[in-house]
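S.K.: Sequence and computational prediction follow.
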Amino acid sequence: MSDEPMRVAVLGGGSFGTALASIAADNGARVRQWLRDPDLAAQINREHRNGRYLPDYAINPAVVASTVMAEVLEGADLVLVAIPSKAFRDVVRQARPWLHAGQILVSTTKGIQEEGFKLMSRILEEETGFPHIGVISGPNLATEIAQKQLTATVIASDDPETRTRVQTALGCDYFRVYASNDRYGVELGGALKNIYAIAAGMAAALGMGENTRSMLMTRALAEMSRFAVDQGANPMTFLGLAGVGDLIVTCSSSLSRNYRVGQALGEGSTLDEAVEALGQVAEGVNTVRLVRDKAREDGVYMPLAEGLYQVLFEGVPAQEMARMLMLGEQSSDVEFILSREDVRQAHRDDGGPHG
């Protein structure tokens, strides 16, 4: 590594992209941030503040914002793509003329593209064909990172250089960056937990207690890892920060956008009202539909995702969904220890009910 400061480009002007840009600048990197909105870019450059997404956060003055992609990407060693999933591919295509194969490209987006059920790092691969590709995911509420609360995240890549460079760029005394080589599992964990955050917000609004929330989160973890294994990920990844860690924070915190959507639904709002009141993208709403359809297609048992789909898109009241979940079959606790099929077999042998 040379003594030259690392050059970091952040694509996206949301809360997480802004927090990461400032951390990289704190660590001595030369940081450029791309935003669509010229007024917001001007505010960041003038006031060192992102009034729309992190109004109380003092951004490192060395972060330079711009609406010109070429300026932001020029000479960048590391490119962090913090763009909502619906616009992700379009922005990568826009950036492509100024990207080159030596760069490290990292997605921070916890969402899924509908067409082909593709995660964001797959889109980076498809659009660039570059070798250094990774994802950042974990229990990372941007508002707390902005307050310099102790936070940990995961950089996942099968490329050691990507993992090391991201740890160097972003690791600091309050933001710890752990490494994983299960890129797909880490990324899938980040996308899937958004579903269950909606369910947790709903449960809170319905006045459900700690036992209920604990049950919900634990069954969510079982459901996430069951789906992930079917998709080819490592179930052990879900015991880490990008799995159970991210699930805990988004299912426990009213700072989570997806939790707040669930809360509004539990209080009787329609989906449109809940999303409009939030004023930001809640990736989980789209993810519920995509994951539910994929689980049905692949025959993966996901009662929570199915129940949420019914509330969000079929008009089933939230209270009904809670009741439906308790009517599901009583099966195994941890399926990698005792399979669902073994429990079913015991029920049959016993003459008991089976689902």
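M.R.: Structure received. As the structure is a prediction and not an experimental result, all values here were calculated from the model.
S.K.: how about the residue nearest to the spatial centre of the chain, secondary structure?
M.R.: What sits nearest the mean C-alpha location of the chain, by Cα atoms, centre = their mean, is Lys110, with 2.8 Å. Per DSSP: H, G, I helix; E, B strand; the rest coil, the local secondary structure of Lys110 is coil.
S.K.: So which residues of this structure form strands?
M.R.: Counting by DSSP state E, the segments of the chain that form strands are 7-11, 30-34, 64-66, 78-81, 104-107, 112-113, 118-119, 133-137, 151-156, 175-180.
S.K.: Low-confidence regions, this structure specifically.
M.R.: Low-confidence regions of the chain, defined by pLDDT under 70, span residues 1-2, 280-281, 325, 328-329, 351-355.
S.K.: Could you break it into its assigned domains?
M.R.: If the domains of the chain are taken from automatic domain parsing, they occupy 7-181, 192-332, with pieces of a single domain joined by a plus sign.
S.K.: Let's have the ones you listed in CSV, adding distance to Ala346.
M.R.: Backbone N, C-alpha and C define where each C-beta goes, glycine included. Output for the domains of the chain, formatted as CSV (distance: least, Cβ to Cβ, whole Å):
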stretch, distance to Ala346
domain 7-181, 34
domain 192-332, 10
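S.K.: For the residue nearest to the centre of the chain, give me its contacts.
M.R.: By Cβ atoms under 8 Å, 6 or more residues apart in numbering, the residues touching Lys110 are 137, 187, 190-191, 193-194, 283.
S.K.: mind checking how far the nearest residue to it once chain neighbours are set aside is from Arg340?
M.R.: Closest residue to Lys110 apart from its sequence neighbours, by Cβ to Cβ, 6 or more residues apart in numbering: Gly190 at 3.7 Å. From Gly190 across to Arg340, the span is 26 Å (Cβ to Cβ, to the nearest Å).
S.K.: higher neighbour count, these two?
M.R.: Neighbours were counted for Gly190 and for Arg340 using other Cβ atoms under 10 Å; Gly190 has more, 30 against 14.
S.K.: Surely the more buried one and Asp246 touch.
M.R.: Yes: the pair Gly190 / Asp246 is scored as a contact, 6.0 Å apart, by Cβ atoms under 8 Å.
S.K.: Overlap of the contact sets of those two?
M.R.: Residues touching both Gly190 and Asp246 (Cβ under 8 Å, 6+ apart): 137-138.
S.K.: picking that back up, among the strands of the chain, which comes closest to Val275?
M.R.: The minimum distance between Val275 and those falls on strand 112-113, with 17.3 Å, by Cβ to Cβ.
S.K.: Show me what that closest one is packed up against.
M.R.: Contact analysis of strand 112-113 by 3 or more Cβ pairs under 8 Å, 6 or more residues apart in numbering; DSSP states H and E lists helix 85-95, strand 118-119, helix 283-298 as its packing neighbours.
S.K.: Output the longest one as PDB, nothing but the C-alphas.
M.R.: Once side chains and other backbone atoms are set aside, the C-alpha atoms of helix 283-298 remain, and they are given as PDB (Å, rounded to 0.1, in the frame of the first residue of the first chain):
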ATOM      1  CA  GLU A 283     -36.900  -2.100   0.900                       C
ATOM      2  CA  GLY A 284     -38.900  -4.700   2.800                       C
ATOM      3  CA  VAL A 285     -42.200  -4.000   1.100                       C
ATOM      4  CA  ASN A 286     -41.000  -5.100  -2.300                       C
ATOM      5  CA  THR A 287     -38.900  -7.900  -0.700                       C
ATOM      6  CA  VAL A 288     -42.000  -9.500   0.900                       C
ATOM      7  CA  ARG A 289     -43.600 -10.000  -2.500                       C
ATOM      8  CA  LEU A 290     -40.400 -11.200  -4.200                       C
ATOM      9  CA  VAL A 291     -39.400 -13.700  -1.500                       C
ATOM     10  CA  ARG A 292     -43.000 -15.000  -1.000                       C
ATOM     11  CA  ASP A 293     -43.300 -15.700  -4.700                       C
ATOM     12  CA  LYS A 294     -39.800 -17.300  -4.900                       C
ATOM     13  CA  ALA A 295     -40.500 -19.500  -1.800                       C
ATOM     14  CA  ARG A 296     -43.700 -20.700  -3.400                       C
ATOM     15  CA  GLU A 297     -41.900 -21.500  -6.600                       C
ATOM     16  CA  ASP A 298     -39.200 -23.400  -4.900                       C
END
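S.K.: what's the angle between it and helix 85-95?
M.R.: Orientation check (axes from the mean of the first three to the mean of the last three Cα atoms, to 10 degrees): helix 283-298 against helix 85-95 gives 100 degrees.
S.K.: Tell me which residues of helix 283-298 come out buried.
M.R.: Buried residues in helix 283-298, defined by neighbour count with 16 or more other Cβ atoms under 10 Å: 283-292, 294-295.
S.K.: quick one: which of those residues is nearest to Ala203?
M.R.: Where the buried residues of helix 283-298 are concerned, and distances follow Cβ to Cβ, Ala203 has its nearest neighbour in Gly284, at 14.4 Å.
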